Every structure is written in C-alpha cells, then in structure tokens.
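Here's my sequence, what's the structure:
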Amino acid sequence: MKDNFKDGSSKERDILFSKAIKAGKRLYYIDVKKSSKGDMYLSLTESKKIVSGDMEMPQVTFEKHKLFVYPEDFEKFTGALADAMRFIYEQQGPVEQRPEEPRSEIELEDIEF
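This next block holds a predicted model:
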C-alpha cells in the first residue's frame, strides 16, 4: 500500500489523500477528495488490468469502477461492510490472504465514528 498526497496536476488537484492497494491484477484506490463546495468525501476505485491481443503485440487496458461515500454515510457504510465481511467469514471460514505490504499504523478498528 502506498500513501500519496497530491498537489500537482489540475485533474488530481481535488485529491487530498490517496492510498493504493495492490491485489493481484487489481488495484484499489481509496482517495479523499474535495467537492467544488469544499466538502470532503471518499472515492473508492477498483482498477483491473485487462490484457488482450497476441503475445507479440498485447493491448493493455484498465477497467475502472468508482464508488463515492459521503461523510454523513460513513457509519452506515462501514457497519454494512463489516456485516458483509463477517457473513463471508462465517459462511466460508478463513480466507487465504495474499502477501501484503506492511500496514500503516492506523487500522480501521482504531477509527471512531
């Protein structure tokens, strides 16, 4: 995982904080953005690498999906996410984890809502 604080290009000017999570062929981005009114919100993005064509001239594209979560919905969103994760663990047991990079010092459980 990598933390980025962006303040350069005009396209990324509204991104105040970014964390990238590598997971196989997928990348997940958790961005904190600022709206034109100055309100902050989360932008969650899944980016999946798609390789097509032949081996000599492969064509690489990225399929992206975005989700925006606003502060007034954080508690409901994180509660539902925790419920869904708990359900998966209860139904199929422990999930084999991919090797990951060292975590930051702050964990989701440490955040109070």
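
what about the closest residue to residue 52 other than its chain neighbours, how many residues close to it?
Of all residues beyond its chain neighbours, the one nearest residue 52 is residue 59 (5.1 Å), with distances taken as CB to CB, 6 or more residues apart in numbering. Where C-beta positions appear, they are placed from N, C-alpha and C, glycine not excepted. Residue 59 has 9 neighbouring residues, counting by other CB atoms under 10 Å.

from memory residue 59 sits against residue 51, does it?
Yes: here residue 59 reaches residue 51: they are 7.2 Å apart, a contact under CB atoms under 8 Å.

Could I get the buried residue list for the helix or strand hosting residue 31?
Using DSSP states H and E, residue 31 sits within strand 26-34. Using 16 or more other CB atoms under 10 Å as the test for burial, strand 26-34 gives 27, 29, 31, 33.

I would like the residues contacting it, please.
14-21, 40-49 (CB atoms under 8 Å, 6 or more residues apart in numbering).

That one pairs with which strands?
strand 15-23 (antiparallel), strand 40-52 (antiparallel) (DSSP bridges).
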